[in-house]
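# Okay, predicted coordinates and the sequence, questions at the end:
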Amino acid sequence: MKQRVLTGIKPTGRIHLGNYVGAIKPALKLAESEEFQASYFIADYHGMTKVQDAEEMRNLTRGIAAAWLALGLDPEKVTFYRQSDVPEIFELTWILSCVTPKGLMNRAHAYKAMTDGNKGAGQEVDHGVNMGVYTYPVLMASDILLFQADKVPVGKDQLQHIEIARDIAGYFNKQYGGTFKLPEHFIQEQSAVVPGLDGRKMSKSYNNTIPLFEEPAKLKKLINKIKTDSSLPTDPKDHDQSVIFALYREFASQEEVSVMKDRFRDGISWGEAKAELFHAINGKMTGPRERYMELMGSPEKMEAILARGAQRARETTAPFLTEIKKKIGIL
Ligand code: ADP
Ligand code: TRP
């Protein structure tokens, strides 16, 4: 039997290089393999913890769908859907909430970061925290467990959420007997955290991103903004310490990467290194960018693909939820 692989991206911003390298690229590679059956989705209800404007939600959701498809997701092979189109996920969320100790949520990173920030700022502890943020990990556990996922490709920041999903599966299994498979994370060690323009983790929260489908002139400008040190053009440079190299490696071929290593060692100016990075990204993204623009112009096409995906997903989630409800005595 094929292993199941599953991942979701929430529509809270435009897809950036970090999302692509850390989540989408490895996920698409897994989906191509005959060993795996992939389910990939847009975590729109997770996005609602942050995005609370209808038009913005609609546009960002379309953007994520178009990005996956433009980058090569084959909806015939991959079950590709919108989380909100699979109601079983939300029913299971409640069921899982009832076996999840509240203390587990208190320790979740995203919630803790917000409450620590409030404490530091002398605010009330839960200032600005909605219940969606607080119970976010339970919904994510439901996403994963309902599909019996074996592997979950995500960036390193999501590791704790996968561990929480395993814990919750364990609590349920202990109470009601073996039901859920324990999922494993699938993290690309080499590219676990893609640095942003300022050298910190690339993230929309830090405003340091390079959007993946940026048009060439803007892409060039953004790449030129990447922070570098003041070494002279001819100085030998350590490629392992360079954000430019870290990004280049993700878009260039193996041979190009080894040539670039030599050029760093022999001395390459930052300007030249940035120009090479621009060519590598632009070269790889020209085709996907065109497909992305085309898809954004025909949302009906994407709607049809997502509707079919949700239908396919529910062929397995609905009977599994029935099984779960029997176990808890609701059916
Ligand atoms: P952001 O940090 O910009 O808000 P998300 O939290 O929406 O991004 O992340 C979507 C997916 O992309 C997740 O699997 C996450 O781990 C991955 N990801 C985001 N930023 C990076 C990064 N800089 N490097 C590697 N993976 C990342
Ligand atoms: N929490 C993930 C993120 O912020 C998105 C997500 C929601 C997810 N449900 C998931 C990822 C299930 C993997 C599996 O990036």
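Cool, got the structure. Everything numeric here is computed off the predicted structure, so don't read it as measured data. Ligands and ions are numbered 1, 2, ... in the order given.

# Just the buried positions in the lengthiest helix in the chain, please.
Determined from DSSP state H, the single longest helix within the chain is helix 299-328. Buried residues in helix 299-328, counted by 16 or more other CB atoms under 10 Å: 302, 305-306, 309-310, 312-314, 316-317, 320-321, 324. Bear in mind the C-beta positions are built from the backbone N, C-alpha and C, glycine included.

# and it with ligand 2, contact?
No - counting by CB under 6 Å from any ligand atom, ligand 2 has no neighbours in helix 299-328; the shortest distance is 13.0 Å.

# which helices and strands sit right next to that helix?
Contacts defined by 3 or more CB pairs under 8 Å, 6 or more residues apart in numbering; DSSP states H and E place helix 299-328 against strand 36-42, helix 54-70, strand 79-82, helix 88-97.

# Of those, give the one that comes closest to ligand 2.
strand 36-42 (7.5 Å; CB to the nearest ligand atom).

# And for the helix or strand following the closest one, what's in contact with it?
Using DSSP states H and E, the next helix or strand after strand 36-42 towards the C-terminus is helix 44-47. Residues outside helix 44-47 that contact it (CB atoms under 8 Å, 6 or more residues apart in numbering): 8, 10-12, 57, 60-61, 82-84, 90, 132, 136, 139-140.

# and the angle from the longest helix of the chain to helix 88-97?
Put simply, helix 299-328 runs at 40 degrees to helix 88-97, going by axes from the mean of the first three to the mean of the last three CA atoms, to 10 degrees.

# Please state the offset of helix 299-328 from the chain centre?
Distance of helix 299-328 from its chain centroid, counting by CA atoms, centre = their mean, to the nearest Å, is 21 Å.

# and the angle for that helix with helix 54-70?
Using the same axes, to 10 degrees: helix 299-328 against helix 54-70 is 90 degrees.

# Any idea how many residues pack against A169?
Using other CB atoms under 10 Å, A169 is surrounded by 21 other residues.

# That one - that's part of a helix, no?
Yes - the assignment for A169 by DSSP: H, G, I helix; E, B strand; the rest coil puts it in a helix.

# what's the distance between the closest residue to ligand 1 within the stretch 201-331 of the chain and A310?
At 3.3 Å from ligand 1, S203 is the closest residue in the stretch 201-331 of the chain, using CB to the nearest ligand atom. S203 sits 29 Å away from A310, taking CB to CB, to the nearest Å as the criterion.

# quick check: angle from the longest helix of the chain to strand 36-42?
110 degrees.

# picking that back up, I'd like to know which of the helices and strands packed on helix 299-328 lies nearest to K227.
Nearest of the helices and strands packed on helix 299-328 to K227, taken as CB to CB: helix 54-70 at 26.3 Å.

# That closest one close to ligand 1?
No - contact of helix 54-70 with ligand 1 (CB under 6 Å from any ligand atom) is absent, the minimum separation being 9.2 Å.

# Could you tell me how far that helix lies from the centre of the chain?
Centre-to-centre, helix 54-70 and its host chain are 14 Å apart (CA atoms, centre = their mean).

# Okay, buried residues for that helix please.
Under 16+ other CB under 10 Å, the buried positions of helix 54-70 are 57, 60-70.

# Any part of that helix near ligand 2?
No - Helix 54-70 is not in contact with ligand 2 by CB under 6 Å from any ligand atom; minimum separation 10.6 Å.

# Please list the residues outside that helix that contact it.
9, 11-15, 24, 40, 42, 44, 47-48, 51, 75, 80, 82, 212-213, 288-289, 291-292, 295-296, 299, 302, 305-306.

# If we use 7 Å, what do you get?
9, 11-15, 24, 40, 42, 44, 47, 51, 80, 82, 212, 288, 291-292, 295-296, 299, 302, 306 (CB atoms under 7 Å, 6 or more residues apart in numbering).

# cool, and stretch 21-34?
By CB under 7 Å, 6+ apart, stretch 21-34 touches 5, 7, 9, 36, 38, 40, 68, 71-73, 77-78, 153-155, 186, 188, 191, 194, 250.

# Now go through those residues and say which are in helices.
Per DSSP H, the contacts of stretch 21-34 map to helices at 68, 250.

# returning to what we had before: export the helices and strands packed on helix 299-328 to JSON lines and tack on mean pLDDT?
Shown next, in JSON lines, are the helices and strands packed on helix 299-328 (pLDDT from 0 to 100):
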{"stretch": "strand 36-42", "mean pLDDT": "98"}
{"stretch": "helix 54-70", "mean pLDDT": "98"}
{"stretch": "strand 79-82", "mean pLDDT": "98"}
{"stretch": "helix 88-97", "mean pLDDT": "98"}
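
# which one of the ones you listed lies closest to K220?
When those are compared (using CB to CB), the closest one is helix 54-70, at 20.6 Å.

# Put the alpha carbons of that closest one into PDB.
Output of helix 54-70 as PDB, limited to C-alpha atoms (Å, rounded to 0.1, in the frame of the first residue of the first chain):
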ATOM      1  CA  ALA A  54     -13.600  38.500   2.800                       C
ATOM      2  CA  GLU A  55     -12.000  39.900  -0.300                       C
ATOM      3  CA  GLU A  56      -8.500  39.300   1.000                       C
ATOM      4  CA  MET A  57      -9.400  35.800   2.000                       C
ATOM      5  CA  ARG A  58     -10.800  35.000  -1.500                       C
ATOM      6  CA  ASN A  59      -7.800  36.500  -3.300                       C
ATOM      7  CA  LEU A  60      -5.100  34.900  -1.100                       C
ATOM      8  CA  THR A  61      -6.800  31.500  -1.300                       C
ATOM      9  CA  ARG A  62      -6.800  31.800  -5.100                       C
ATOM     10  CA  GLY A  63      -3.200  32.800  -5.000                       C
ATOM     11  CA  ILE A  64      -2.200  29.600  -3.100                       C
ATOM     12  CA  ALA A  65      -4.200  27.400  -5.400                       C
ATOM     13  CA  ALA A  66      -2.700  29.000  -8.500                       C
ATOM     14  CA  ALA A  67       0.800  28.700  -7.100                       C
ATOM     15  CA  TRP A  68       0.500  24.900  -6.400                       C
ATOM     16  CA  LEU A  69      -0.900  24.300  -9.900                       C
ATOM     17  CA  ALA A  70       1.500  26.600 -11.600                       C
END
